[in-house]
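>>> next input, structure requested:
(one chain, ligands or ions: 1)
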Amino acid sequence: MDSEKPDVLIVGAGFAGMYAVHRFRELGLSIKVLEAGSDVGGTWFWNRYPGARCDVPSLEYSFGFSAELEQEWHWPEVFSAQPEILNYANHIADKFDLRRDIQFNTRVSRVEYLDEENLWSLTSEAGEVFKAKFCIMATGCLSVPNKPDIPGDEDFAGLKLHTGLWPKESIDLAGKRVGIIGTGSSAVQAIPELAKAAGHLTVFQRTPVYTVPANRKAMRDAVESEFKENYRLIRERQWNNRGGVSNFRPNRSVPSKSKRGMGGGRRGDAGLIKSISPEQRQAMIDQRGLEVILNFTDVYTDPGANEIANDLFRSTVREMIDDAEVAEKLLPQDYGLGCKRQVLDRDYYSTFNRDNVTLVDLKQTPIERITPNGLTTEDTEYDLDVLIYATGFDAMTGALLKLNITGRDGRQLTDKWEFGPVAYLGLQMEGFPNLFTVTGPGSPSVLCNMLVAIEQHVNWIGDCIKYLDGKGLNSIEPLPESEQRWVQQVNKVADGTMFTAPSCNSWYLGANIEGKPRIFMPYVGGFPQYRVHCEAETDEGYPGFSVV
Ligand code: NA7
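A predicted model of the protein is given here:
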């Protein structure tokens, strides 16, 4: 079946796809969005696990394209939980009447460029075919759940769940024996809530995590008002901050000068950890909490400073855990702070003091198999009613590679990216004309406030399409040399940071997925620097691209 032909096909109705509908309509383009889920929200539609929450303050993790939207929306908490963020997505969909251009329950399984027609052809799992000149992949950076292949998984007789595919229906865990595999960000958020709800919770940990307490304040009227009065300044500051956050501080005349962007735990610049005495360090932790260690700039570049911070982290955590053996298991030993995305928690460590929580160290006793009754490690059989995989995502490239994208002259994206993602500015790939990625690999994306990154990308793509249309041009794709230069640049700026330390194994590097090439995927040079590159292309008539 051949459906009607819009100007632009968009895959995904998360925040990126949603804003693209609004922006492209403003530009006079016709759009069709194909979305696998039954409604809008993307990440916030799928990740409904108990405790799910954003690690960027909500007044910052919000769209800036509509002053009316900014003013009318109320966030009940400083860092909002998933249901509130999903409410926000639904409000936007209603307010801007987005759903009329979105086809839900439609999972795209094939994406193919038709050379002779200069069209992209998208096929859904149900066999529906859609065609358009332009195709936008708004498929998200953390949208393909990673489910490790553990022997016996299919035999489990109880309820199996994945944090990234959590069902809409509420799940009654009262009295149940629950097991959770993983101790990344999702698990750290879920574990305290699961422990409260379940009869018993067993946490299967392979690698301990560095986590610091999250800000858990309710929104105060005065803070909200001051933010809303200053939103234009705040948006400008976001666009000029490396992580896309303004760090605006209500009731202070001078907003923070923090250069560090992401990670809700970071609050301004505390100077160099090496330049102050052990007593001063301890005094800072006592006054400002453990999270202060994230604010020392040398922690991210100087291995010696990093080790000082790690030691402080460990000694503080030891004090929080009643059982010394459990405490030692929970302490990261073989990688440093700043290698992975910073995790924020609410009562994570104190949860391990509860009688109904058991920690299993999989490094000491690896999982052998899943059985009908539960899970067996090398020395123990754990009976479980519910088994939760909190095992993360095939990040950044997973969603794109899964789509079977075929470009010009039959080129396969899977071949092009065999040794890691190759893209120009994280926006386009050579050999794939008129195909754009929103927050793709090689852009700041996951190192930036995602909503700010999305607005910048969608605006750039919209301007590019209008440029082509205005000049009667057929197609755009990067020059091979631009792409190569950019990939080198992305690697260069990541070199020497804690992100790429040899001891570091993060999803930023693809290290969480077996067989995935080890490449640092996001651009760590900062959002303002990145924008300079993007704007130079727009201003100078796309010199880094082949425009036909
Ligand atoms: P993460 O951060 O990738 O964490 C996944 C966790 O699952 C991590 O602790 C892994 O341990 C563990 N894992 C993965 N595979 C296995 C197997 N086979 N056995 C045991 N344990 C395993 O994913 P999250 O969903 O928590 O967070 C992803 C991002 O979402 C987060 O950074 C935020 O930006 C939002 P490992 O470290 O691999 O030893």
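>>> tell me, how many residues neighbour the residue lying closest to residue 544 once chain neighbours are set aside?
Leaving aside its sequence neighbours, residue 544 sits nearest to residue 482 (Cβ to Cβ, 6 or more residues apart in numbering; 3.6 Å). C-beta here means a position set from N, CA and C on the backbone, and glycine is covered the same way. Residue 482 has 21 neighbouring residues, counting by other Cβ atoms under 10 Å.
>>> tell me the SS of residue 482?
Using DSSP: H, G, I helix; E, B strand; the rest coil, the structure places residue 482 in helix.
>>> one more: the one 3 residues further on?
Under the three-state scheme (three-state DSSP), residue 485 adopts helix.
>>> count the neighbours of it for me.
14.
>>> ok, now residue 376?
Neighbour tally, residue 376, other Cβ under 10 Å: 17.
>>> in the sheet, who's paired with it?
Note on residue 376: beta-bridge partners by DSSP bridges are residue 369, residue 381.
>>> can you pull the contacts of it?
Each residue near residue 376 by Cβ atoms under 8 Å, 6 or more residues apart in numbering is listed here: 367, 368, 369, 370, 382.
>>> what about the last one, distance to the ligand?
Remark: distance between residue 382 and the ligand (Cβ to the nearest ligand atom, to the nearest Å) = 14 Å.
>>> state the number of residues packed around that residue.
Residue 382: 19 neighbours (other Cβ under 10 Å).
>>> pretty sure it sits against residue 359.
No. Residue 382 lies out of contact with residue 359 (Cβ atoms under 8 Å); the separation is 11.9 Å.
>>> near the ligand, which residues of this protein?
By the rule Cβ under 6 Å from any ligand atom, the part of the chain lying against the ligand is 142, 148, 163, 181-187, 206-207, 341, 362, 390-393, 507, 512.
>>> and residue 227, which of the three is it?
helix.
>>> hang on, residue 443 packs against residue 454?
No. Using Cβ under 8 Å, residue 443 is not in contact with residue 454; the gap is 10.4 Å.
>>> tell me which of those two has more neighbours.
residue 443 (31 against 24).
>>> not counting sequence-adjacent ones, nearest residue to the more buried one?
residue 426 (2.7 Å).
>>> what about the one you found, how many neighbours?
27.
>>> which element is residue 465 on?
helix 450-470 (DSSP states H and E).
>>> what's the burial count for the residue of the chain at minimum distance from the ligand?
Residue of the chain nearest the ligand, by Cβ to the nearest ligand atom: residue 184 (2.0 Å). Residues within reach of residue 184, counting by other Cβ under 10 Å, total 22.
>>> repeat for the one 5 residues further on
Other residues lying near residue 189 total 28 when counted by other Cβ under 10 Å.
>>> then residue 319?
8.
>>> three-state assignment of it?
Applying three-state DSSP: residue 319 is helix.
>>> for residue 122, list the residues it contacts.
9, 11, 34, 108, 110, 111, 112, 129, 130, 131, 135.
>>> please report phi then psi for it.
Main-chain torsions, residue 122, degrees, to the nearest 10: phi -110, psi 130.
>>> separation between the nearest residue to residue 98 once chain neighbours are set aside and residue 93?
Of all residues not flanking residue 98 in the chain, residue 21 sits nearest, at 4.9 Å (Cβ to Cβ, 6+ apart). Taking Cβ to Cβ, to the nearest Å as the measure, residue 21 falls 9 Å from residue 93.
>>> which of the two has more neighbours?
Counted by other Cβ under 10 Å, residue 21 and residue 93 do not tie: residue 21 has more neighbours, with 28 against 20.
>>> are we agreed that that one is in a helix?
Yes. Judged by three-state DSSP, residue 21 forms part of a helix.
>>> that one reaches residue 103, doesn't it?
No. Counting by Cβ under 8 Å, residue 21 does not reach residue 103; the two are 11.8 Å apart.
>>> domain boundaries for this protein, per the record?
8-144+394-547, 153-213+304-389 (automatic domain parsing).
>>> helix or strand with the lowest mean pLDDT in the protein?
helix 278-288 (a mean of 93; mean pLDDT, DSSP states H and E).
>>> that one - contacts with which helices or strands?
helix 303-320 (3 or more Cβ pairs under 8 Å, 6 or more residues apart in numbering; DSSP states H and E).
>>> return the set of buried residues in the helix it packs on.
305, 306, 308, 309, 310, 312, 313, 314, 316, 317 (16 or more other Cβ atoms under 10 Å).
>>> same question for that helix, mean pLDDT?
Helix 303-320 shows an average pLDDT of 95 in the prediction.
>>> cool, stretch 332-347 as well?
Per-residue scores along stretch 332-347 average to 95.
>>> how distant is it from the center of its chain?
16 Å (Cα atoms, centre = their mean, to the nearest Å).
>>> can I get the CA coordinates of that stretch in CSV?
C-alpha atoms of stretch 332-347 as CSV (Å, rounded to 0.1, in the frame of the first residue of the first chain):
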residue,chain,number,x,y,z
PRO,A,332,33.5,1.2,42.7
GLN,A,333,37.2,0.3,42.7
ASP,A,334,38.3,-0.2,39.1
TYR,A,335,37.2,3.0,37.3
GLY,A,336,37.0,6.7,38.2
LEU,A,337,34.4,9.3,38.8
GLY,A,338,33.4,11.1,35.6
CYS,A,339,33.8,8.1,33.4
LYS,A,340,30.1,7.3,33.2
ARG,A,341,27.1,9.6,33.2
GLN,A,342,26.7,10.8,36.8
VAL,A,343,24.0,9.0,38.6
LEU,A,344,21.7,10.8,41.1
ASP,A,345,19.7,8.9,43.8
ARG,A,346,17.1,9.2,46.5
ASP,A,347,18.1,6.9,49.4
